[in-house]
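Student: generate a structure from the sequence data that follows.
(2 chains)
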Amino acid sequence: AQKVTQAQTEISVVEKEDVTLDCVYETRDTTYYLFWYKQPPSGELVFLIRRNSFDEQNEISGRYSWNFQKSTSSFNFTITASQVVDSAVYFCALSSGGSNYKLTFGKGTLLTVNP
Amino acid sequence: KAGVTQTPRYLIKTRGQQVTLSCSPISGHRSVSWYQQTPGQGLQFLFEYFSETQRNKGNFPGRFSGRQFSNSRSEMNVSTLELGDSALYLCASSGGDQETQYFGPGTRLLVL
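Tutor: Take a look at the predicted model:
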């Protein structure tokens, strides 16, 4: 069985602070994909990043960075110099078995960035 | 390229009724997946269609069904609505099994 755990239910920071959202996953498959999605109040899930299990290289995109560590089954997401527009619910998700059409999501982390 | 569209955006129904939700995928995408999002259970996979065939189904009762048309548009139907069916229903499309799913804005269903 697959499982994604986002232990942080809610995080509140002040603008310009750095914040890290944690994600721990469980799967028996050797081939899998990890994702992060952002859900603003409007409800739509916005794709942020995808990593496959064979690529542990960290990635940076502007103020966003992701740290993938297979040894600890973690795929953490850091926002540098947070902004009010970053306020949203962030979901970590996992797919495996070679098919990305069925995602297992974590419970999400509500990030509130205060001015 | 237009994104995934879902209609209607909001629905209010009463217990016992049935409802049909529609999803139009990104042009060229043949896979459509449906998810239910509730505060208690979070995001849960309902089913996925590819080329008009259901390939996988989540752990939901038979009241939840779907179909896909030749143009890849998909519909999901919930019969005999229960209060617990109140949720945000999200549809996602992808260009293939190894590709990323892109989500629509969702349909908010309220069952009274």
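Student: ok, the helix-or-strand element of chain B with minimal mean pLDDT: who's next to it in the sheet?
Tutor: For chain B, counting by mean pLDDT, DSSP states H and E, strand B:53-57 ranks last in confidence among helices and strands (a mean of 92). Applying DSSP bridges, strand B:53-57 is found paired with strand B:42-50 (antiparallel).
Student: can you show me the CA trace of the strand it pairs with as PDB?
Tutor: Taking Å, rounded to 0.1, in the frame of the first residue of the first chain, the C-alpha atoms of strand B:42-50 are listed here in PDB:
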ATOM      1  CA  GLY B  42      -8.900  14.500   1.900                       C
ATOM      2  CA  LEU B  43      -8.300  13.800  -1.700                       C
ATOM      3  CA  GLN B  44      -9.300  10.300  -2.800                       C
ATOM      4  CA  PHE B  45      -9.100   8.700  -6.200                       C
ATOM      5  CA  LEU B  46     -12.400   7.700  -7.800                       C
ATOM      6  CA  PHE B  47     -11.600   6.300 -11.200                       C
ATOM      7  CA  GLU B  48      -9.700   6.800 -14.400                       C
ATOM      8  CA  TYR B  49     -10.600   6.600 -18.000                       C
ATOM      9  CA  PHE B  50      -8.500   6.200 -21.000                       C
END
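Student: which other residues reach it?
Tutor: A:91, A:93, A:101-108, B:30-38, B:54-60, B:64, B:66-68, B:74, B:76, B:89-90 (CB atoms under 8 Å, 6 or more residues apart in numbering or on different chains). No exception for glycine: its C-beta is placed from N, CA and C like everyone else's.
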